[in-house]
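> Turn this into a model:
(one chain, ligands or ions: 1)
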Amino acid sequence: MGKPCWMLLWLGVAFLAAGVLLAGCGGRLPAASPVDEPVSGARTSSPVAAAASQATAAATQSATGAGLLGRGINLGNALEAPREGEWGLVLEEGFFDVIAEAGFDSVRVPIRWHAYADAAPPYALSEDILQRVDWVVAQALARDLRVVINVHHYQALIDDPAGQRERFLAIWQQIAERYASADERLFFEVLNEPNGALDGALWNRMLREAIDTIRESNPTRWVVVGPGSWNNYRALEALTLPEDDRRLIVTFHYYDPFHFTHQGAEWTDGSEAWMGTRWEGTARQMREIQGAFDQVARWAVAHDRPVYLGEFGAYSKADMASRARWTAQVVREAEARGFAWAYWEFAAGFGAYDPVARRWRPELLGALMPADAP
Ligand code: BGC
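Residues are numbered from 1 along each chain as shown. Down below sits the predicted model:
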């Protein structure tokens, strides 16, 4: 292969559309960011991220999600709890070691920032949370893990977008200023899973305002943005982004079939009845994933945006064989399309790592990091 353009070659086969190929390969994006380059250090990026990095570094094509964030894992249930520890998990230095040693390229860190922000202007964030996040970011970067920090579980904003708008933007202004000169391997993600009242046109407006706020102090940092409807890929068509901002990565979450991935989930009404749902990897089940990811890939090429599958996982109440099969298939299909990904999540209810036994669950780690991966 003369030109390492594997994602787009795949798309070429899928769509047989020369115009689409030209749009993707034509170098309409600015030159790849230095974070696309494999980072030197104690460990190197995973092969898939490295391959994608080389491709993007050719500067004749768009950045890929894989080149930017590679393979990742969510540090869920820690800083997204009302207070760290309340959901059973406190982040430890050793977690970053095991994640890096397993070969991951990145971590996504869900954070309940609003729980640490004053209710009244200027909505000051507590120094405690800022120092804790400083520590998390430093731990990740020290191990050459790229790190995504987001705004998570801001339910008051979702319930009352107009009433919380000013506070939300003030929170982003403070986060952005705090990390304005941070390493470029730190990524911001505007809001986890907007939904309900905060969707459609209203979400597009709020997202735009948040991006503008971030850009005042971070003109070139990569920012992760996603569609409404809980970051569902079906809502991508409704997402509008500032055309001239080429440092945006588009995220989506994937938990289909929901009755399989969320069986027995205590926070999901009716999920007890789904217990025992298996995922066998039948041709129809495979096509369901492929169809969804094809739709995302088509959107990404048409809009010239890198993609980050920021959450996917199956809850621990499903049988392990099905979980491992489904996880492996999602990873395979994401990587075939050049998407970065982050498994939901590290060491809680979906956990790939057992924090009591202090070891990876081999079936899940094997699904995420197959020995025969490219
Ligand atoms: C939520 C988690 C939940 C997960 C799967 C995440 O976005 O923040 O609380 O466990 O999705 O449902």
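
> Mind giving me the packing neighbours of whichever strand or helix holds Ala334?
Element membership for Ala334, per DSSP states H and E: helix 320-336. Helix 320-336 sits against helix 258-261, helix 283-303, strand 307-312, strand 340-343, helix 362-368, with contacts defined as 3 or more C-beta pairs under 8 Å, 6 or more residues apart in numbering; DSSP states H and E. Backbone N, C-alpha and C define where each C-beta goes, glycine included.

> again, 7 Å this time
For helix 320-336, the contact count by 3 or more C-beta pairs under 7 Å, 6 or more residues apart in numbering; DSSP states H and E identifies helix 283-303, helix 362-368 as packing neighbours.

> Dump the longest one to PDB, restricted to CA.
To tie it back to what came earlier, the one meant is helix 283-303. What follows is the C-alpha trace of helix 283-303 in PDB, where atoms were taken according to Å, rounded to 0.1, in the frame of the first residue of the first chain:
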ATOM      1  CA  ALA A 283     -24.600 -12.800  11.900                       C
ATOM      2  CA  ARG A 284     -27.600 -10.600  12.700                       C
ATOM      3  CA  GLN A 285     -26.000  -9.400  15.900                       C
ATOM      4  CA  MET A 286     -22.700  -8.600  14.100                       C
ATOM      5  CA  ARG A 287     -24.600  -6.700  11.400                       C
ATOM      6  CA  GLU A 288     -26.300  -4.600  14.000                       C
ATOM      7  CA  ILE A 289     -22.900  -3.300  15.300                       C
ATOM      8  CA  GLN A 290     -21.500  -2.900  11.700                       C
ATOM      9  CA  GLY A 291     -24.600  -1.000  10.500                       C
ATOM     10  CA  ALA A 292     -24.400   1.400  13.500                       C
ATOM     11  CA  PHE A 293     -20.600   2.000  13.100                       C
ATOM     12  CA  ASP A 294     -21.000   2.300   9.300                       C
ATOM     13  CA  GLN A 295     -23.500   5.100   9.900                       C
ATOM     14  CA  VAL A 296     -21.000   6.900  12.200                       C
ATOM     15  CA  ALA A 297     -18.200   6.400   9.700                       C
ATOM     16  CA  ARG A 298     -20.200   7.900   6.900                       C
ATOM     17  CA  TRP A 299     -21.100  10.900   9.000                       C
ATOM     18  CA  ALA A 300     -17.500  11.300  10.000                       C
ATOM     19  CA  VAL A 301     -16.200  11.300   6.400                       C
ATOM     20  CA  ALA A 302     -19.000  13.600   5.200                       C
ATOM     21  CA  HIS A 303     -18.100  16.100   8.000                       C
END
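
> what distance separates it from the middle of the whole chain?
The gap between where helix 283-303 is centred and where its chain is centred comes out at 17 Å by C-alpha atoms, centre = their mean, to the nearest Å.

> Let's have the helices and strands packed on helix 320-336 in a markdown table, adding distance to the ligand.
Putting the helices and strands packed on helix 320-336 into a markdown table (distance: least, C-beta to the nearest ligand atom, whole Å) gives the following:
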| stretch | distance to the ligand |
| --- | --- |
| helix 283-303 | 17 |
| helix 362-368 | 15 |
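
> can you pull the pLDDT of the most centrally placed residue in the chain?
Taking C-alpha atoms, centre = their mean as the criterion, Gly310 is the residue nearest the geometric centre of the chain, at 2.2 Å. According to the per-residue confidence, Gly310 scores 98 in pLDDT.

> what's the model's confidence in stretch 321-341, averaged?
Per-residue pLDDT values across stretch 321-341 average out to 98.

> before we move on, back to that, let me know which of the helices and strands packed on helix 320-336 is tucked in deepest.
Between the helices and strands packed on helix 320-336, helix 362-368 has the highest mean count of neighbours, a mean of 19, where neighbours are mean count of other C-beta atoms under 10 Å.

> helices or strands next to that one in the packing?
Contact analysis of helix 362-368 by 3+ C-beta pairs under 7 Å, 6+ apart lists helix 320-336 as its packing neighbours.

> Residue numbers of the stretch 51-200 of the chain in contact with the ligand?
Residues of the stretch 51-200 of the chain found near the ligand, taking C-beta under 6 Å from any ligand atom as the criterion, are His152, Asn192, Glu193.
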